[in-house]
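# Quick check, what structure comes out for this input:
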Amino acid sequence: MRTVLVTLVLALAGTLAVDLQPGGAPQAAPPRPAAAPKVAAPRNAIEIALVRDGRLVRVERPLPRGVVPAWHALRQLLRGPTREERARGLRSGFKPGTVRIRSVAAEPDGWRVSFSRGLLGPATAKTVRTRFAQIGATLSRLEGSRRFAVISAAGRLTTVLRLGLRPDAWRPARGENGYPYAVRGVQLRLRTLGYLDRAGVSGDLDYATSQALLAFQGWEGLVRTGTVTGQTQLALVTARRPRPTTFAAGRRIEIHRDRGVVLLLEGNEVRRVIHTSTGAGGVTPTGSFRVYRKEIYSWSVPFQVWMPYASYFIGGYAMHEYPDVPSYPASHGCVRLPAGEAQRVYAFARLGTPVHVF
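Residues are numbered from 1 along each chain as shown. Now for the predicted structure:
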């Protein structure tokens, strides 16, 4: 009996041994371990993005104590790969010594980084795009959940990078004195500041962008042209989202006649900044009012003209769409709004919504 049991045990062991060995029949592939979540480098190190065979490769650099991580990361990036890294095929779009960092600042939603003018050349469009990709990948690994990076050269806005996404091809427009900029970058900056929505980031200097630029220039006290002037390139770098003049809970609207701007507010947050043209000679009344009547198509009896998307706030004065919204006060007293933005204001303004005119 004992002999039989031993025989059975040995037979089972042999069967198991055979099953564990690779055979001619196809075997199921072992399950792949779950990918580890991407995390930033430890606080005593930073990561920079280099290039190998057209792909970004992250490498670590030690972080000295007391040094600002963002500043150190970008400085290391501009220095390029070490001799050992070059031997492993790592390269960079930056040639050491040709580009300098002027400043690095953290904003709630992004970074502001200013480089010397050498950031953009002499270099091919492909090389500039590679540089932007390296900058964006390097900044995205720093602590914080920032989504954008405002990039300037010699103090003028060049582009805005969306961290985590590869930058678009570099097809620059030429600003004053030959300073290039990306149209989409300008639009992204206007969007983050509240002057444009996502659909307005088209890559074209279209009507919506010109109206957003007029609002930005009006709020910042610049000459209102609706184009990307040299002053505008400079101001876009350091600008902040406008702050309201009134502070209260709930939805309300501020109209700033001298600046030619309408602010849509939820609580104390500016949701949208819109270009406007108010009454010539200051005839638009100042004060605090409320929307008391709304008409999608309102007929002006004294001036014999249609006023689409009209929201009346006192007497015959209304915020409404108009085909001509110049950069100066030009109406008979109403608050003219561009096409598209007028629908936005009409949807925002409910009956009873406070309207403050300054």
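# thought residue 47 was touching residue 60?
Yes. Contact criterion Cβ atoms under 8 Å: residue 47 and residue 60 qualify, at 5.6 Å. C-beta here means a position set from N, CA and C on the backbone, and glycine is covered the same way.
# more neighbours, these two?
Here residue 47 and residue 60 are set side by side on neighbour count (other Cβ atoms under 10 Å), and the busier one is residue 47, at 19 against 14.
# pretty sure the more buried one is in a strand, no?
Yes. Following the definition DSSP: H, G, I helix; E, B strand; the rest coil, residue 47 is counted among the residues of a strand.
# Apart from its neighbours in sequence, what residue is nearest residue 216?
Counting by Cβ to Cβ, 6 or more residues apart in numbering, residue 195 is the residue found nearest to residue 216 once chain neighbours are left out, at 5.2 Å.
# sec struct for that neighbour, please.
When states are read from three-state DSSP, the local structure at residue 195 comes out as coil.
# State the number of residues packed around it.
The tally of other residues near residue 195 (other Cβ under 10 Å) stands at 27.
# and it, what does it touch?
With contact set as Cβ atoms under 8 Å, 6 or more residues apart in numbering, residue 195 has these partners: 212-213, 215-216, 272-273.
# Can you tell me which of those residues has the most neighbours?
The most crowded member of these, judged by other Cβ under 10 Å, is residue 215 (30 neighbours).
# in which helix or strand would I find that residue?
The secondary structure element spanning residue 215 is helix 207-220 (assigned by DSSP states H and E).
# Let's test this: mean pLDDT of that helix, rounded?
Per-residue pLDDT values over helix 207-220 give a mean of 98.
# Which parts of the stretch 201-350 of the chain are helices?
Along the stretch 201-350 of the chain, the segments classed as helices by DSSP state H, counting those that start in this stretch run 207-220, 230-238, 341-348.
# what's the closest of those to residue 185?
Proximity of the helices of the stretch 201-350 of the chain to residue 185 was assessed by Cβ to Cβ; the nearest stretch is helix 230-238, lying at 9.1 Å.
# Buried residues, the closest one. List them.
Buried residues in helix 230-238, counting neighbours by 16 or more other Cβ atoms under 10 Å, are found at 231-237.
# now the angle from that helix to helix 207-220?
For the pair helix 230-238 and helix 207-220, the angle between their directions (axes from the mean of the first three to the mean of the last three Cα atoms, to 10 degrees) equals 80 degrees.
# what's helix 230-238 in contact with?
For helix 230-238, the external contacting residues (Cβ under 8 Å, 6+ apart) are 112, 114, 150, 152, 155-157, 175-177, 179, 181, 186, 189-190, 213, 216-217, 220, 222-223, 225.
# Can you select the buried ones among the residues you listed for me in PyMOL?
Below is the selection syntax for PyMOL that covers the buried ones among the contacts of helix 230-238, with 16+ other Cβ under 10 Å defining burial:
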select buried, resi 112+114+150+152+155+156+157+175+179+181+186+189+190+213+216+217+220+222
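# Just the contacts of helix 230-238: which are in strands?
Counting by DSSP state E, the members of the contacts of helix 230-238 that fall within strands are 112, 114, 150, 152, 156-157, 181.
# what's near enough to touch residue 128?
Counting by Cβ under 8 Å, 6+ apart, residue 128 touches 93, 119-121, 170.
# Now it: which helix or strand?
Residue-wise, residue 128 maps onto helix 125-140 under DSSP H and E.
# Distance from the chain centre to that helix, please.
16 Å (Cα atoms, centre = their mean, to the nearest Å).
# quick one: buried residues of it?
Using 16+ other Cβ under 10 Å as the burial criterion, the residues of helix 125-140 that qualify are 127-140.
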